[in-house]
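Visitor: my questions are about this predicted structure, shown below with the sequence.
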Amino acid sequence: MLVAAAVCPCPPLLVPEVAAGAAPELDAARAACADALGVLAAARPDLLVVVGPAGETGTFSEGTPGSFRGFGVDVAVRLGASATSAPGALGASGAAGAAGAAPQGVLPPSLAVAAWLLERTGWSDAPIEGLGVAEPTTAERCIQTGRELAARAGRVALLVMGDASACRTLKAPGYLDERAAPFDASVARALGSADVPALQELDIALARELQASGRAPWQVLAGAAEAADLAGALLYEDAPYGVGYLVATWS
């Protein structure tokens, strides 16, 4: 059963070495992410599953490596402390396996950012597993995957990575789209109030057009939280660089 969730953005710029001189601009976001991970630790989960956008759907065992070398810095991370899978790791019979996902060998950027956040906060409270979710994944598949994740242990926590729209300003990666700010505001309201139906009903086509990488992971969260009756809190909402970044907790 899902007992807690943290929602964080996943830009590699959260890693100070990647951001370089611009690092202080995301200090508030980093602090909010640390607070959100504190909520996960306080929930004392039996299992933490990190969910984030990826080029293709796949599962990642505890200890899977990742790095930010592709972003110009020699910073390496691992998903948790172990170099081998935790007992009961996601696989052919787990939630991701039901979605047709094969275990992967290197973390996608979103899960590498999550691994960096977990290392930064010294996470050691429960076994960790990762799930990358491809952008085309349907809402129905995301929701079902979330339900299956929630059933995998008595106390499950999710760390859900993903950005809102990338079209908030003229200099944004997706240029300016007047639909972006209202879309982000609706997502912020849903995450801040743990509104499961609102997340389940997100407009997939609009999210794709606005380059909102968090859509699929948020809908996995919505599936996992259906029977959890959790309360939400929005810890951070901003759009530096024209991209919507949101930090929220459900507990």
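Guide: Done, it's in. Everything numeric here is computed off the predicted structure, so don't read it as measured data.
Visitor: going forward, measure contacts between C-alpha atoms and count neighbours the same way
Guide: Will do.
Visitor: in this structure, which spans are strands?
Guide: With strands called from DSSP state E, the chain shows them at 2-8, 47-54, 58-60, 65-67, 76-78, 102-103, 128-134, 156-161, 232-238, 245-250.
Visitor: among those, which gets the worst mean confidence?
Guide: Taking the average pLDDT of each of the strands of the chain, the minimum falls on strand 102-103, with a mean of 51.
Visitor: low-scoring stretches of the stretch 1-150 of the chain, by residue?
Guide: Applying pLDDT under 70 to the stretch 1-150 of the chain flags residues 81-104.
Visitor: picking up where we left off before, dump the strands of the chain into a markdown table; add mean neighbour count and distance to residue 211 as well.
Guide: Written out in a markdown table, the entries for the strands of the chain read as follows (neighbours: other Cα atoms under 10 Å; distance: least, Cα to Cα, whole Å):
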| stretch | mean neighbour count | distance to residue 211 |
| --- | --- | --- |
| strand 2-8 | 28 | 16 |
| strand 47-54 | 26 | 11 |
| strand 58-60 | 27 | 21 |
| strand 65-67 | 21 | 23 |
| strand 76-78 | 19 | 26 |
| strand 102-103 | 18 | 25 |
| strand 128-134 | 26 | 13 |
| strand 156-161 | 28 | 14 |
| strand 232-238 | 19 | 16 |
| strand 245-250 | 28 | 13 |
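Visitor: to residue 24, which of those strands lies closest?
Guide: strand 232-238 (14.4 Å; Cα to Cα).
Visitor: what's in contact with the closest one?
Guide: Strand 232-238 is contacted from outside by 28-29, 32, 36, 188, 191-194, 244-251, using Cα atoms under 8 Å, 6 or more residues apart in numbering.
Visitor: with just CA atoms, put that strand into CSV.
Guide: The C-alpha atoms that make up strand 232-238 are tabulated as CSV, following Å, rounded to 0.1, in the frame of the first residue of the first chain:
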residue,chain,number,x,y,z
GLY,A,232,-1.0,16.6,-0.4
ALA,A,233,1.3,19.6,0.1
LEU,A,234,2.9,21.8,-2.5
LEU,A,235,6.4,22.8,-1.4
TYR,A,236,7.8,24.5,-4.5
GLU,A,237,6.4,26.0,-7.7
ASP,A,238,8.5,28.0,-10.2
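Visitor: and that strand, which strands flank it?
Guide: The strands beside strand 232-238 in its sheet (DSSP bridges) come out as strand 245-250 (antiparallel).
Visitor: angle of the partner strand against strand 156-161?
Guide: 170 degrees (axes from the mean of the first three to the mean of the last three Cα atoms, to 10 degrees).
Visitor: could you point out the longest helix of the protein?
Guide: Taking DSSP state H as the assignment, the helix of the chain that covers the most residues is helix 27-42.
Visitor: elements contacting it?
Guide: Contacts defined by 3 or more Cα pairs under 8 Å, 6 or more residues apart in numbering; DSSP states H and E place helix 27-42 against strand 2-8, helix 109-120, strand 156-161, strand 232-238, strand 245-250.
Visitor: name the helices or strands packed onto the first one?
Guide: Packing contacts for strand 2-8, counted by 3+ Cα pairs under 8 Å, 6+ apart, involve helix 27-42, strand 156-161, strand 245-250.
Visitor: residue 127: which of those is closest?
Guide: With distances scored as Cα to Cα, the stretch of the helices and strands packed on strand 2-8 nearest to residue 127 is strand 156-161 (10.3 Å).
Visitor: how far out from the middle of the chain is that closest one?
Guide: Here strand 156-161 shows a centroid-to-chain-centroid distance of 7 Å under the convention Cα atoms, centre = their mean, to the nearest Å.
Visitor: how about stretch 11-20?
Guide: Going by Cα atoms, centre = their mean, the spacing between the C-alpha centre of stretch 11-20 and its chain's C-alpha centre is 17 Å.
Visitor: what of stretch 5-13?
Guide: Between the mean C-alpha location of stretch 5-13 and the chain-wide mean there is a distance of 6 Å, by Cα atoms, centre = their mean.
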